[in-house]
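1. got a predicted structure here, sequence first:
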Amino acid sequence: MTTASVLRTAFAAFAAVFLPIAAASAEEPPAAVTPEDAAARSILEKADQIRFPRESFQVDIGIVSQTRDGASERRRYRVLSKGNDNTVIQITEPAEERGQTILMRGRDLWVFLPNVSQPVRLSLSQRLTGQVANGDIARANFSGDYIPRIVRSETVEGEKHHVLELNAVDRSVTYHRVLFWVAAASARPYKAEFYSLSGRLLKTARYQNFRTLGGKLRPTRLTMEDALKKGEVSVLEYSDMRLRPLPDKIFTKEYLKKLVE
């Protein structure tokens, strides 16, 4: 058999197997976005804009965590965020941990430690402190990580709320599933329930103490209660938020490595 014959035979075999698949795929248009999907997405994005600015910003976060036996721990962080994919978390208290810095790019996280040559890889779901996971601070909004749908409406404290079910886009996000209560009239976030891959309720968060922060009325307190260990609570207080330009170089391993050396 000549080389040309071999190539014709090979191409015929390839075409018989793969071209019908390609043709079938080409005939299947992407699923249309339904009005219900669009409505859920709009509600989620509006709530996210209330929680955090779209623009790059800086904010200080104080966290007090309390255990069932009454012991408490206080920590403070400064967060620099640009979009939903670039975040730097600096530990400012306790003093002995000052200088430790967490970098998030996309859904990849690293912690930089003084006098340690290589950063340590983290996950969004790992505990930062108390009931707070890395992703609770590092990821500024839900819109980029979850697919929303409206499951029902509820009246809470005399006000109608949409209840959104948020399903993770993949396994790298902080939680597998979230139920998110959003006020229908104002789009203010009210409450969130966070679930594991197995469907177990992990913790409940409540958005409280709405005040002007970063030029907009936002929740300045987030209370997170552990659903598995009753009585264990972390309270996050947000302060000194300001919009500021943040150069891209801040969100690089090379830049942060120099800061902690």
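-> Nice, I can see it.

2. so where's the stretch 1-150 of the chain uncertain?
-> Scanning the stretch 1-150 of the chain for pLDDT under 70 picks out 1-31.

3. and if you look at the stretch 151-261 of the chain?
-> For the stretch 151-261 of the chain, the stretches with pLDDT under 70 are 261.

4. so Arg75 touches Glu93, yeah?
-> Yes - assessed by CB atoms under 8 Å, Arg75 is found in contact with Glu93 at 6.0 Å. Every residue, glycine included, has its C-beta placed from N, CA and C.

5. which of these two has more neighbours?
-> For the pair Arg75 and Glu93, the greater number of neighbours falls to Arg75 (19 against 13), based on other CB atoms under 10 Å.

6. element containing the more buried one?
-> Secondary structure assigned from DSSP states H and E places Arg75 in strand 72-82.

7. which helices and strands does that strand pack with?
-> With contacts taken as 3 or more CB pairs under 8 Å, 6 or more residues apart in numbering; DSSP states H and E, strand 72-82 sits against strand 57-66, strand 86-93.

8. can you pull the buried residues of it?
-> 75-77, 79-82 (16 or more other CB atoms under 10 Å).

9. how about the helices and strands packed on strand 72-82 in TSV, adding distance to Gly231?
-> What follows is the helices and strands packed on strand 72-82, written out as TSV (distance: least, CB to CB, whole Å):
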stretch	distance to Gly231
strand 57-66	8
strand 86-93	24
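
10. which strand in this protein runs the most residues?
-> Ordering each strand of the chain by length in residues (DSSP state E) puts strand 201-213 first.

11. and that strand, which strands flank it?
-> Partner strands and pairing direction for strand 201-213 (DSSP bridges) are strand 189-195 (antiparallel), strand 216-226 (antiparallel).
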